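J.: with the input below, show me the fold.
(one chain, ligands or ions: 1)
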Amino acid sequence: MTHFARIVGTGGYLPERILTNAELETMVDTSDAWIRERTGITQRHIAAEGEFTLDLAEQASRRAIDMAGIRIDEIDMIIVATTTPDQVFPSTACLLQSRLGVHGCPAFDIQAVCTGFVYALAVADQFMRTGAATTVLVVGAETFSRIIDWTDRNTCVLFGDGAGAAVLKQDTAPGILSTHLHADGDYANLLQVPQGVSNNLAAVQEGRAFVEMAGGEVFRMAVKTLGRIVDETLEANQLDKSDVDWLVPHQANSRIIAATARKLRMPVSKVVQTVAEHGNTSAASIPLALDVAVRDGRIKRGDTILMEGFGGGFTWGSALVNW
Ligand code: COA
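T.: Numbering: from 1, shown residues only. Purely as a prediction, here's the structure:
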């Protein structure tokens, strides 16, 4: 018997500290006008010293669990998408499991950078369709500020910290209609932190491991690729563009989002946008945006939602969801 996965609760958490464009003007050679015009970003949240990805993940998870109205011991799988784990190991998912007081169920991290939440959702969906999991906590959580070179204007204006979470419950009807995952590692060098534990631990230890990006090329590839995945997703479900009620895109840049919305022939009023206030929170950006639109009542039961993401790897993917 096929089972389906339904999102029954969402939660988001943003650190208290807000970093405005005006403050960035004092740190690098940039301007509020440039950042707004090229990215749509006006501010981003930055984790406090001593506040870690796990802390953000826990807050978002508790809010999602509250909305879902489930008991914590019902959770039988935890997946955390993150590029900025607190430790080399254990995984952030295992640390979160302990924080929440869950015991015994599988818990693991997924690393697909900004597509991480879509990857995690797809993995959860597979486990739930086979009946191997019934109640899954899926989290996207990041402290990207820790891998940013705050003297590099090409990258430091773009990113922020945050976490978003979703609780998925098994259902007899979907829920998640389909997920579509892709990657092409040939593009690794266009968006990367080149150092890591194995190849340059010293750089990591000395705090010299930072995001490097060929912005223009990433931009062009993102627009092209996200257009293709919209088509792929609609075709797989034999749906028309007009059947999609809400686009919940990865929040990297308002111009990339606008290009995808144009492809869907969707008015901006049907696109959930949080990039202005959150910046790019990588794996956290989609679940954070989803949570905002669920809580403010825009997304309603029965709506069809298209989530899509693109990020380092390159990785890209989508999830079509019946709310
Ligand atoms: N403030 C002022 N000027 C800046 C700047 C900043 N924060 N960052 C870069 N610039 C300058 C560059 O140095 C360059 O100057 P030059 O022409 O003198 O060399 C110029 O702006 C680049 O301009 P342009 O090519 O027109 O920028 P853009 O329209 O491509 O916008 C990005 C730059 C980074 C905003 C854009 O490329 C982008 O969003 N790329 C995708 C990034 C992304 O989404 N990454 C994550 C994917 S998950």
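
J.: what about the residue nearest to M27 when sequence neighbours are not counted, neighbour count?
T.: Distances taken as C-beta to C-beta, 6 or more residues apart in numbering put W150 closest to M27, at 6.1 Å, once the chain neighbours are dropped. C-beta coordinates here come from the backbone N, C-alpha and C atoms, glycine included. W150: 13 surrounding residues under other C-beta atoms under 10 Å.

J.: doesn't C156 make contact with W150?
T.: Yes. Counting by C-beta atoms under 8 Å, W150 touches C156, with 5.1 Å between them.

J.: name the residues contacting each of those two.
T.: Shared contacts of W150 and C156, defined by C-beta atoms under 8 Å, 6 or more residues apart in numbering, comprise 27-28.

J.: and T260, what does it touch?
T.: T260 makes contact with 223, 226-227, 230, 247, 249, 308, according to C-beta under 8 Å, 6+ apart.

J.: packing partners of the longest helix along the chain?
T.: As assigned by DSSP state H, the longest helix anywhere in the chain is helix 215-236. Here helix 215-236 touches strand 176-183, helix 254-263, strand 304-311, strand 315-322, going by 3 or more C-beta pairs under 8 Å, 6 or more residues apart in numbering; DSSP states H and E.

J.: give me every residue in this protein lying close to the ligand.
T.: Proximity of the chain to the ligand, by C-beta under 6 Å from any ligand atom, involves residues 30, 34-35, 38-39, 114, 153-154, 157, 213, 215-216, 218-219, 222, 252-253, 280, 310-311.

J.: all the strands of the stretch 1-150 of the chain, residue numbers only.
T.: 4-13, 17-20, 43-46, 77-81, 107-110, 135-142 (DSSP state E, counting those that start in this stretch).

J.: count of residues packed around D73?
T.: For D73, using other C-beta under 10 Å, the count is 13.

J.: now do the spatially most central residue of the chain against the ligand, distance only.
T.: Of all residues in the chain, the one closest to the mean position by C-alpha atoms, centre = their mean is A283, 2.8 Å from it. Look at A283 and the ligand: by C-beta to the nearest ligand atom, to the nearest Å, they are 10 Å apart.

J.: wait, that residue sits on T83?
T.: Yes. Judged on C-beta under 8 Å, A283 makes contact with T83 at a distance of 6.5 Å.

J.: which residues do the two both contact?
T.: Residues touching both A283 and T83 (C-beta under 8 Å, 6+ apart): 113, 116, 142.

J.: quick one: contacts for the last one?
T.: With C-beta under 8 Å, 6+ apart as the criterion, the residues that contact E142 are 53, 56, 82-84, 161-163, 281-284.

J.: the least confident helix or strand in the chain by mean pLDDT to strand 304-311, inter-axis angle?
T.: Here the helix or strand of the chain ranked lowest by mean pLDDT, DSSP states H and E is helix 254-263, holding a mean of 92. Here helix 254-263 points in a direction 140 degrees away from that of strand 304-311 (axes from the mean of the first three to the mean of the last three C-alpha atoms, to 10 degrees).

J.: let me have the shared contacts of A283 and T83 in TSV, extended by pLDDT.
T.: TSV is the format used below for the shared contacts of A283 and T83 (pLDDT from 0 to 100):
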residue	pLDDT
V113	98
G116	98
E142	98
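
J.: and which of these is nearest I78?
T.: Nearest to I78 among these is G116, at 14.2 Å by C-beta to C-beta.

J.: you'd agree that closest one is up against I79?
T.: No. Using C-beta under 8 Å, G116 makes no contact with I79, being 9.5 Å away.

J.: who's more crowded, these two?
T.: Comparing G116 with I79 by other C-beta under 10 Å, the one with more neighbours is G116, at 34 against 28.

J.: tell me the spacing between the residue lying closest to D55 once chain neighbours are set aside and I148.
T.: Leaving aside its sequence neighbours, D55 sits nearest to A47 (C-beta to C-beta, 6+ apart; 7.7 Å). Distance of A47 to I148, given as C-beta to C-beta, to the nearest Å: 12 Å.

J.: those two: which is more packed in?
T.: A47 (24 against 20).

J.: lowest-confidence stretch among the helices and strands packed on helix 215-236?
T.: Mean pLDDT is lowest for helix 254-263 out of the helices and strands packed on helix 215-236, coming in at a mean of 92.

J.: distance from the chain centre to that helix, please.
T.: Relative to its parent chain, helix 254-263 has a centroid offset of 17 Å by C-alpha atoms, centre = their mean, to the nearest Å.
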